[in-house]
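Enquirer: Sequence first, then the predicted structure, then my questions.
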Amino acid sequence: MSEKYERLLEFLAESDEWVTAGELADRLGVTTRSVRSYVTGVKNAARPLEVIASSTSGYRLNREAYASFVTGLRSRDAEPGSPRERVHFIIRGLGDALDGLDVYDLAASLFVSESTVEADLRKVKLLVEEAGLSLVRRGSSVSLSGSELNRRRLLSRIFRDESAQGFLDLENIQREFSGDNLGAFKSDLIAMLDEHGYFVNEYSINNVLLHIAIAVDRVAKNQSIDQADEHPVSETIRDIAGRLDGLIRSHFDAALSIRELTYLSVLLTTRVLTPGHDEPTEVVAANYLDRDYLDDMRRIVRLASDEYLVDLNDEDFIVRLSLHIRNLVARAHENSYSRNPMTRSIKGSFPMIYELAVFIASQIQRREQITINDDEIAYIALHVGSYLERQNLREERVTCAIVCPNYYDMHVVLRSKLEAELGSDLQVDVVITRADVDWSGLSSDIVVTTIQAPAARDNVVVIQPFLTESDFEAVRRAIATVRRHRRRMEIKDELLQYFDERLFWRNLRAPTEAGMIRTLGDSMVGLGVIDESYVEGAIERERMSSTAFTDTIAVPHAMEMSATRTAIAIVVNESPMTWGDNRVNVIALIAFSASGRKAFQNVFDQLVEVFSDRDDVQRIVKRGVDFPSFIDELVHVIDT
């Protein structure tokens, strides 16, 4: 499957509803004619499976057929056909062939012309050089030159590129590099690490298992690491290396050198492991962290707390985050970042937490003179988000009235079950055991009742006297609806006061993200809202990580709140523009004043949430033809 087909299927997989050709064209940045061509290509490739359903409403993924199709693609041992597959096939061949490969033999084995192979080799050269290797050409022979370590990193990269987005599949790794059971090896490895007091990062461990499988495969082909580690090895690394040796011998019947085992142990400690599983915080800090380093981390966390008005000044949180950051810095210096399959969902669902992580990452970047990418920022966001969740800073409980006519204390059992299942989300403030209910007098957020209400009300959930799982789900949906409505009502008046007709545009174009930020920023400068340094700060923030938090809206901003007043300059475009890896219809440059710090958290999250639903955005795009109609449509969406 080529990249354009994969992107088409990825967008369809995100929706359970029909998606029009126009919507897909906007997402892919192509014409509707091209979309129809891509759909036809996928259908031809998937026959006899009906992967994509077509109708006058658009296109929709047949998920069962799609799952079978993907399984077939992974298990099929076919010759490489697409340009990307050929490039990866050539790289794998070059990695195994000490004497190089012949261009004419490659063309014959791939059933393509020599000119096609030459074009593929130009792409190979770019990937090879990015990995610190070089492509050597002597007549019709081509070979790789460079260290074994860089060859392995290149193999790891192309394997990850071939894998579906998300977690690496152990079966695919096993099929490519090893005939043994990687799942059993992983279980024993995790058990060993847990026994010796390590936290294990499940998001990253499969990436290290890929490196272990590659190492076993390469050593079996007499391709060992050919460079010694210049740095002294810690006792921890030596200990892990010894235990890893026993597991590899047991599961793979392979003996790796101490140099190989040390390299793999370093990968484990910098990508997967955090020490101090069952140790007190003060012991972990004393044993594993330098005092000056920890003081610097306390300073950075204090800055983040002050800037975003959240309480992160907890010693346990700071110590655990510091251990993670220490490993992150080691990875960054090696230009070997951990991938995070949750990055996109974290960024789109929790923009404020992600923004906090960006701020912390920016401070680390300056301190360490490194670059931190989106995946690593998302890992920091996981630390921040889990801590805030534990502190119960996210949402208050929803109040509930229970209506259950008395019959052998059935209402007591009903209340007990609801509180046991949903007690952390639900606060029961009244129980009515009569059948003659004054429904209009009920002021709770939701009403859970075993009898029908006389008139349909959005906040009433009718359940069975004996609660079923579907009843619990209905109550959960009602809780989620109340919370969403509550958040939107809290922000509605505040959000609307930050818009200004002089800072509203429709169908405004710019060649780049920085160009759009400058255009919007100049207007704000002209009104005295911000100065040029704020514009440059917003561009610098954009370079760190794209502010396209969803597929519909980008929210550029600076990390310093230096505006004279809080304001939003907004662009609504009928045709989306490229912003990072997304294509967005709405761009909102936000400028916050120091006095607007508290509002920043609410406005930021809610602005992203309001513009996260594609149908809502399309309604605003189509109907918000000028500033008054834009405000009308925005209010409608918030109130819905």
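Expert: Nice, I can see it. Numbers count the residues shown, from 1 in each chain.

Enquirer: Pull out the buried residues from stretch 103-119.
Expert: 103, 106-107, 110, 112, 117 (16 or more other CB atoms under 10 Å). All C-beta spots, glycine's among them, are computed from the backbone N, C-alpha and C.

Enquirer: So which of those residues sit within helices?
Expert: 103, 106-107, 110, 117 (DSSP state H).

Enquirer: Doesn't residue 222 belong to a strand?
Expert: No - counting by DSSP: H, G, I helix; E, B strand; the rest coil, one finds residue 222 to be coil, located in no strand.

Enquirer: Whichever strand in the chain runs longest pairs with which strands, parallel or anti?
Expert: Criterion DSSP state E: the longest strand present in the chain is strand 567-579. Here strand 567-579 is paired, per DSSP bridges, with strand 499-506 (parallel), strand 582-591 (antiparallel).

Enquirer: and of those strands, who's closest to residue 194?
Expert: For residue 194, the closest of these is strand 582-591, at 38.7 Å, according to CB to CB.

Enquirer: For the closest one, list the C-alpha coordinates in PDB.
Expert: Extracted in PDB, the C-alpha atoms of strand 582-591 (Å, rounded to 0.1, in the frame of the first residue of the first chain):
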ATOM      1  CA  ASN A 582      -2.500  18.500   9.400                       C
ATOM      2  CA  ARG A 583      -4.700  20.600   7.100                       C
ATOM      3  CA  VAL A 584      -6.800  23.100   9.100                       C
ATOM      4  CA  ASN A 585      -9.700  25.400   8.200                       C
ATOM      5  CA  VAL A 586      -9.400  27.600  11.300                       C
ATOM      6  CA  ILE A 587      -6.300  29.400  12.600                       C
ATOM      7  CA  ALA A 588      -6.600  31.300  15.900                       C
ATOM      8  CA  LEU A 589      -3.600  33.400  17.100                       C
ATOM      9  CA  ILE A 590      -4.100  33.900  20.800                       C
ATOM     10  CA  ALA A 591      -2.400  36.600  22.800                       C
END
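
Enquirer: That strand: what's the following helix or strand?
Expert: For strand 582-591, the succeeding helix or strand toward the C-terminus, using DSSP states H and E, is helix 597-610.

Enquirer: Show me what that following helix is packed up against.
Expert: When contacts are defined as 3 or more CB pairs under 8 Å, 6 or more residues apart in numbering; DSSP states H and E, helix 597-610 packs onto helix 291-308, helix 351-368, helix 469-496, strand 582-591, helix 627-639.

Enquirer: rerun that using 6 Å as the cut-off
Expert: Helix 597-610 makes packing contacts with helix 351-368, helix 469-496 when contacts are defined by 3 or more CB pairs under 6 Å, 6 or more residues apart in numbering; DSSP states H and E.

Enquirer: For residue 537, list the residues it contacts.
Expert: When contacts are counted by CB atoms under 6 Å, 6 or more residues apart in numbering, residue 537 touches 558, 560.

Enquirer: Please state the backbone phi and psi of the closest residue to residue 201 other than its chain neighbours?
Expert: Using CB to CB, 6 or more residues apart in numbering and skipping the chain neighbours, the partner closest in space to residue 201 is residue 272 (5.0 Å). Main-chain dihedrals, residue 272, degrees, to the nearest 10: phi -120, psi -30.

Enquirer: likewise residue 60?
Expert: When quoted as degrees, to the nearest 10, the phi and psi of residue 60 stand at phi -150, psi 140.

Enquirer: What degree of burial does it show, as a neighbour count?
Expert: 16 (other CB atoms under 10 Å).

Enquirer: now residue 549
Expert: By other CB under 10 Å, neighbour count at residue 549 equals 30.

Enquirer: what kind of secondary structure is it in?
Expert: Of the three states, residue 549 takes coil under three-state DSSP.

Enquirer: my read: it touches residue 608, true?
Expert: Yes - with contact defined as CB atoms under 6 Å, residue 549 and residue 608 form a contacting pair (4.9 Å).

Enquirer: what do those two both touch?
Expert: Shared contacts of residue 549 and residue 608 (CB under 6 Å, 6+ apart): residue 351.

Enquirer: what about the residue lying closest to residue 296 once chain neighbours are set aside, distance to residue 145?
Expert: Excluding its sequence neighbours, the residue lying closest to residue 296 (CB to CB, 6+ apart) is residue 367, at 6.5 Å. Residue 367 sits 36 Å away from residue 145 when distances are taken as CB to CB, to the nearest Å.

Enquirer: which of the two has more neighbours?
Expert: The residue with more neighbours, out of residue 367 and residue 145, is residue 367; 15 against 11, by other CB under 10 Å.

Enquirer: Check the helices and strands packed on helix 597-610 for me and report the most buried one.
Expert: helix 351-368 (a mean of 21; mean count of other CB atoms under 10 Å).

Enquirer: Least confident secondary structure element in this protein?
Expert: Ranked by mean pLDDT, DSSP states H and E, the weakest helix or strand in the chain is helix 63-75, scoring a mean of 73.

Enquirer: so what's the residue most central in space within the chain up against?
Expert: Centroid-nearest residue in the chain: residue 343, 1.4 Å away (criterion: CA atoms, centre = their mean). For residue 343, the contact set (CB under 6 Å, 6+ apart) comprises 374-375, 378.

Enquirer: hmm, 10 Å instead?
Expert: Neighbouring residues of residue 343 by CB atoms under 10 Å, 6 or more residues apart in numbering: 165, 354, 373-379, 381-382, 545.

Enquirer: Report how many residues lie close to the closest residue to it other than its chain neighbours.
Expert: Using CB to CB, 6+ apart and skipping the chain neighbours, the partner closest in space to residue 343 is residue 378 (4.1 Å). Residue 378 has 27 neighbours, counted by other CB under 10 Å.

Enquirer: so which strand or helix has residue 378?
Expert: Going by DSSP H and E, residue 378 is part of helix 374-390.

Enquirer: Could I get the full set of helices for the stretch 1-150 of the chain?
Expert: For the stretch 1-150 of the chain, the helices defined by DSSP state H, counting those that start in this stretch cover 3-13, 21-28, 32-46, 63-75, 83-96, 103-110, 114-130, 148-162.
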